[in-house]
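> I would like to see how this sequence folds:
(one chain, ligands or ions: 1)
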Amino acid sequence: MRAIVALLSLVGVVAGSAGRAEAKVHVVTTIETFADLARKVGGDRVEVKSLSRGYMDPHFVEAKPSLVIDLNRADLIVHVGLELEIGWLPPLLLGSRNEKIALGQPGNLDASSQIPVLDVPTTRVDRSMGDIHPQGNPHYWIAPDDALIVAREIAQRLEQIDPSGTAEYRAGLKRFEDELAKRRVEWEKRAAPLKGMKVVTYHKSWSYVSKWLGLQEVGYVEPKPGIPAPPSHIAWLIGLMRREAVKVILMESFYPRNTVELVAQKAGAKALVMPSDVGATPEIKDYFALVDAVVQKLVAQ
Ligand SMILES: [Zn+2]
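Residues are numbered from 1 along each chain as shown. Sure, this is the predicted structure:
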């Protein structure tokens, strides 16, 4: 409680000392990929910050005071939704005391709202059962179709918040669409040999990429999204991987490498550490570089 009071007084100080009438639209995003899309669409009219870094686990971000300050100044928050950030974003939004970005306001964009969501549970699931994807899979931002949906949503919201920038936002979106169409042909050509490749993934975070590139997900190291594997599951998974001749396990850098290496070794497979967001490694500076890196990793394994 003391920490929250301290945060709020800090926000007061910063808000009070902020300069007058800044022309830029302040966009805050929960992940770096969305920050990049907002920059591509918004160009010079926007100032964009991401609350998390691309090498962090986006389910669990530390709620630092500086994040509350970013949100206090924001005109627009763009978040992944589908409960990905439920453990850390709501208290930050509350602490920001910023009505503009409250749920239901134009300044609050749930980027999943137009996404064709995969892995929606067919029976009622809630977090008490351990599954951290109770509304379906929130890891949708890498596949081109979905990134395009998000970029369009961001452009629409920016127009709504800052109508005088409409022409620029539409031009920014068009540039992104054109570049994406070109890159997509390249990616699909390079990834064509991957069709039908059997994979195991650590977390259920590759479904959209697998669907896009035709990978066949045979199993998961986590028995349910968010649940660490008990030894019985590991033993079962190793047997499954041998039977199915699975050669790779996809994982993000923030998941336990030892567990994956052990499973891979016993199953005669290889652990592939995949970038899942812009900023996952220093070279991955934008969305296009992220998808390049994902395709490259898969093709080179
Ligand atoms: Zn997840």
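> what about the stretch 151-300 of the chain, any weak spots by pLDDT?
For the stretch 151-300 of the chain, applying pLDDT under 70 flags no range at all.
> all helices for it, in order.
Along the stretch 151-300 of the chain, the stretches classed as helices by DSSP state H, counting those that start in this stretch are 166-191, 207-213, 231-244, 257-267, 287-300.
> Residues contacting the second one, please?
By C-beta atoms under 8 Å, 6 or more residues apart in numbering, the residues outside helix 207-213 that reach it are 118-119, 137, 139-140, 142-146, 188, 191, 194-195, 199, 215-217, 294-295, 298. Every C-beta, even on glycine, is put in place using the N, C-alpha and C of the backbone.
> Mark which of these are buried, thanks.
Buried subset of the contacts of helix 207-213 (neighbour count, 16 or more other C-beta atoms under 10 Å): 118-119, 137, 139-140, 142-144, 146, 191, 194, 199, 215, 217, 294-295, 298.
> which residues does residue 51 contact?
Applying C-beta under 8 Å, 6+ apart to residue 51 gives the contacts 28-30, 61, 67, 70-71, 89, 92.
> before we move on, what about residue 154?
By C-beta under 8 Å, 6+ apart, residue 154 lies in contact with 27, 34, 37-38, 41-42, 78, 109, 111.
> and what of residue 78?
Residue 78 neighbours (C-beta under 8 Å, 6+ apart): 27-30, 34, 38, 109, 111, 150, 154, 157.
> my read is it is in a strand, agree?
Yes - counting by DSSP: H, G, I helix; E, B strand; the rest coil, residue 78 is found in a strand.
> Return the distance of it relative to residue 33.
Distance of residue 78 to residue 33, given as C-beta to C-beta, to the nearest Å: 10 Å.
> all strands for this protein, in order.
Assigned by DSSP state E, the chain shows strands spanning 25-29, 46-50, 76-79, 108-110, 198-201, 216-220, 248-251, 270-273.
> Distance to residue 281 for these - can I get that in TSV?
Formatted as TSV, the strands of the chain follow (distance: least, C-beta to C-beta, whole Å):
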stretch	distance to residue 281
strand 25-29	19
strand 46-50	15
strand 76-79	23
strand 108-110	27
strand 198-201	19
strand 216-220	24
strand 248-251	14
strand 270-273	10
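> quick one on the thing from earlier: looking at the helices of the stretch 151-300 of the chain, which is nearest to residue 57?
Closest to residue 57 of those, according to C-beta to C-beta: helix 257-267, at 13.6 Å.
> what is the orientation angle of the closest one with strand 216-220?
Taking axes from the mean of the first three to the mean of the last three C-alpha atoms, to 10 degrees, helix 257-267 and strand 216-220 form an angle of 110 degrees between their directions.
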